[in-house]
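Enquirer: next comes the sequence, and after it the predicted model I'd like to discuss.
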Amino acid sequence: MKRRTGFFVEEVEQQTNDDTVYEPPERPDLELLVIGKRAGLSFGEINELTVNDLLKYVNIYVDMETGKQKPRRRAATQADIDAFFA
């Protein structure tokens, strides 16, 4: 369902495939603390991070735990260079 809400602006309602309705958390501050603790951070470490950094850290942590980590680049060794030019 599309509806016009302003000049040249269209809002599109997002529909999910399931019947669940998104409800924002009641206490997002506490949920962020729990997420940080589950990722192995201390309260002091969580306090040093911005909310955005904490969320990025947790996403990286979850990707590593679930095996969805992107392959990383490494510096070439002499053996790699020899194999390339051989």
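Expert: Everything's here; your move.

Enquirer: for the helix or strand where residue 63 lies, buried residues please.
Expert: Using DSSP states H and E, residue 63 falls within helix 51-66. For helix 51-66, burial by neighbour count (16 or more other Cβ atoms under 10 Å) applies to 54, 57-58, 61. All C-beta spots, glycine's among them, are computed from the backbone N, C-alpha and C.

Enquirer: what of stretch 32-49?
Expert: 32-33, 35-36, 39, 41, 46, 49.

Enquirer: looking at the residues you listed, spot the one nearest residue 80.
Expert: Set against residue 80, the nearest of the buried residues of stretch 32-49 by Cβ to Cβ is residue 39 (33.5 Å).

Enquirer: find the nearest non-adjacent residue to the closest one, please.
Expert: Nearest residue to residue 39 in three dimensions, chain neighbours excluded: residue 61, at 4.4 Å (Cβ to Cβ, 6 or more residues apart in numbering).

Enquirer: where does residue 82 land in three-state SS?
Expert: Here residue 82 is recorded as helix under DSSP: H, G, I helix; E, B strand; the rest coil.

Enquirer: from residue 74, how far out is it?
Expert: Noted for residue 82: a distance of 16 Å to residue 74, by Cβ to Cβ, to the nearest Å.

Enquirer: one more: residue 24?
Expert: Applying Cβ to Cβ to residue 24 and residue 74 gives a distance of 41 Å.

Enquirer: got it, and residue 80?
Expert: With distances taken as Cβ to Cβ, residue 80 is found 9 Å from residue 74.

Enquirer: these two: who's more crowded?
Expert: Applying other Cβ atoms under 10 Å to residue 80 and residue 74 shows that residue 80 carries more neighbours, namely 11 against 7.

Enquirer: coming back round to it: from the chain's centre, how far out does the helix holding residue 63 sit?
Expert: 5 Å (Cα atoms, centre = their mean, to the nearest Å).

Enquirer: other SSEs contacting that helix?
Expert: Applying 3 or more Cβ pairs under 8 Å, 6 or more residues apart in numbering; DSSP states H and E, one finds that helix 51-66 makes contact with helix 28-38.
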